[in-house]
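Undergrad: Please work out how this folds:
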Amino acid sequence: MAEQDTNQSAANRLSVTEALDGLFDPRTIAVVGASRTKGKLGQAVLALLKSNGYGGKIIPVNPSGGEIEGLKAARTLEEIEEPIDVVILATPVSVALDALEVCTRLDVKVVVGVTSGFSEAGEDGHENEARLRRIMQDAPFRLVGPNCEGVVRPASDLQLTFSPMFNGLRPGPVAMISQSGALAGLMALRLGDRGVGINAIVSSGNETDLTAADLLDYLGNDPQTRVVLCYVEELRDGRRFAEAAQRLTKAGKHVVAVKGGRSRAGSRAVQSHTGAMAGDDRVISAVFRETGVIRARESVAAVDAVTALAAGRRPAGNRVGIISVTGGLGVEMTDLAESAGFEVPVLAEATQTALSRYVPFYGSVSNPVDLTGVVLTNPTYVGRCLEAVAADPGVDIAIAIITFVPDQQFIEALAEAYETTDKPVLIIWTGAARSDASGDSLRDRAVPVYDSPARAASGLSALMAMKGEVA
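TA: Okay, the predicted model is just below:
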């Protein structure tokens, strides 16, 4: 992993790699602001660390000492005699700054600043921001944030955050970097609902020290990472971000980015959110195009793109085969695919012959394939038809569209058909909320599932996105 560190001003400052190694697999975490009072940030951080099974040492820090959540509390950071991998600050800003100064004299690798009240607070935060920057000039440790929501790594049972939005995530190939904690939570929750696993999530906040570029370089080079999903409001180190993104895309990995502050009003909003200057959106679009970053217009489209990419299947071309239980949805998906530059070719004669065993004469076996409602009484037919279309030598990507599902066998047939091919397969299930069937078989396999053709189109575009095109 890269050792370059453009923020390094202190000769003894930890490298990005050393610091992030400690952050993502910490042995000791000190929670400054740990509280016995429900509703306080420090109490929430401590409770989530414990309830999610983190196995390292947790040291609550509270002036009253005693025990908190069954753990012996230190009255101050100075009372902790051992090295500390991570200190999380969940206190009012003045207390957080005092603790940050104490950290400069201790053996600390990383500080995670949940505390707000800095550059994002405008004039009210000006003095706090100035003091923060003075402290960081000589700090040996690295800082995530401030004004962030924390860090999550499911493989380490690490939930270093106050938000329960990240509960229950499974380990997997997606790393997430987001200046907005709430957007990180939204995207993680939706990916988790689809069975997409998470390698790590960093809510980077104001990025006073560690930037999206640092995190992209580190997380992208992790062998477990296949896709990096970013929400950024400003590229604080744009050149390094571009270089890191280009290295990753050349290595066959994917970077999906949502850039906040595209509009004039949005640009004003990000200044009060993370204190960022949004920058020229045209320049950023050009950078993304040149480096192979897939740009999504907003967070939902980004989730749809990542869902398709996380499956790890690469299409050989842009030819799409579509099967649908209803003609209208098949036509809509065809229009969306062709509008995005894909082909929906007529299927091979052998494929049409195979499909004719299951599709009634009043259906269609050309492409899109109209299975008609007859499949609702023959649950295995849909799987066999998907297998036939995916096996067609003229098809690179297969799409199956279903609506209301009256039988669990229907879903099992699709899940089994997915495993018979190494081509990308997207499932559109418009009636999941009204169906008695469970989608667990699809989630367990991380099959890309969407609730409409429009959302599947974002995933489809991501599979074949040209450099920087909007998903």
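
Undergrad: Domain parsing of the chain, as residue ranges.
TA: For the chain, the structural domains run 1-147, 169-310, 320-455, going by automatic domain parsing.

Undergrad: Of these, which stretch is the most buried?
TA: Across the domains of the chain, averaging neighbours per residue (mean count of other Cβ atoms under 10 Å) puts domain 169-310 on top, at a mean of 22. Quick note: C-beta positions are derived from backbone N, CA and C, even for glycine.

Undergrad: Straight-line length of that one, end to end?
TA: 15 Å (Cα to Cα, to the nearest Å).

Undergrad: got a list of what Ala462 touches?
TA: Listed by Cβ atoms under 8 Å, 6 or more residues apart in numbering, the contact partners of Ala462 are 254, 256, 294, 304-306, 308-309, 471.

Undergrad: So it versus Thr421, what's the distance?
TA: Taking Cβ to Cβ, to the nearest Å as the measure, Ala462 falls 19 Å from Thr421.

Undergrad: likewise Glu78?
TA: Taken as Cβ to Cβ, the span from Glu78 to Thr421 is 60 Å.

Undergrad: Can you pull out the low-pLDDT segments for the stretch 251-400 of the chain?
TA: 261-279 (pLDDT under 70).

Undergrad: Quick one: the helices in it, in order.
TA: 264-273, 281-291, 299-310, 327-339, 349-355, 381-391 (DSSP state H, counting those that start in this stretch).

Undergrad: Which strands or helices does the lengthiest strand in the chain pack on?
TA: The single longest strand within the chain, with elements called by DSSP state E, is strand 171-178. Judged by 3 or more Cβ pairs under 8 Å, 6 or more residues apart in numbering; DSSP states H and E, strand 171-178 is in contact with helix 181-193, strand 198-203, helix 212-220, strand 227-232, helix 299-310.

Undergrad: Switch the helices of the stretch 251-400 of the chain over to JSON lines, and while doing so, append distance to Val196 to every line.
TA: Putting the helices of the stretch 251-400 of the chain into JSON lines (distance: least, Cβ to Cβ, whole Å) gives the following:
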{"stretch": "helix 264-273", "distance to Val196": "26"}
{"stretch": "helix 281-291", "distance to Val196": "22"}
{"stretch": "helix 299-310", "distance to Val196": "5"}
{"stretch": "helix 327-339", "distance to Val196": "22"}
{"stretch": "helix 349-355", "distance to Val196": "30"}
{"stretch": "helix 381-391", "distance to Val196": "21"}
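
Undergrad: what's the closest of the ones you listed to Pro223?
TA: Closest of those to Pro223 is helix 299-310, at 15.2 Å (criterion: Cβ to Cβ).

Undergrad: what does that closest one contact?
TA: 172-174, 183, 186-187, 190-191, 194, 196-197, 226-227, 229, 231, 254, 256-258, 294, 296, 424, 426, 446, 448-450, 455-456, 458-463, 465, 471.

Undergrad: quick one on the thing from earlier: can you say which of the helices of the stretch 251-400 of the chain is nearest to Gly431?
TA: helix 327-339 (10.7 Å).

Undergrad: Alpha carbons of the closest one, in PDB - could you do that?
TA: Below are the C-alpha coordinates for helix 327-339, written out as PDB (Å, rounded to 0.1, in the frame of the first residue of the first chain):
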ATOM      1  CA  GLY A 327     -44.500  -7.900 -21.900                       C
ATOM      2  CA  GLY A 328     -44.700  -4.300 -20.800                       C
ATOM      3  CA  LEU A 329     -41.700  -4.500 -18.300                       C
ATOM      4  CA  GLY A 330     -39.700  -6.300 -20.900                       C
ATOM      5  CA  VAL A 331     -40.300  -3.600 -23.500                       C
ATOM      6  CA  GLU A 332     -39.400  -0.900 -20.900                       C
ATOM      7  CA  MET A 333     -36.100  -2.600 -20.000                       C
ATOM      8  CA  THR A 334     -35.400  -3.000 -23.700                       C
ATOM      9  CA  ASP A 335     -35.900   0.700 -24.300                       C
ATOM     10  CA  LEU A 336     -33.700   1.600 -21.300                       C
ATOM     11  CA  ALA A 337     -30.900  -0.800 -22.400                       C
ATOM     12  CA  GLU A 338     -30.800   0.500 -26.000                       C
ATOM     13  CA  SER A 339     -31.000   4.100 -24.800                       C
END
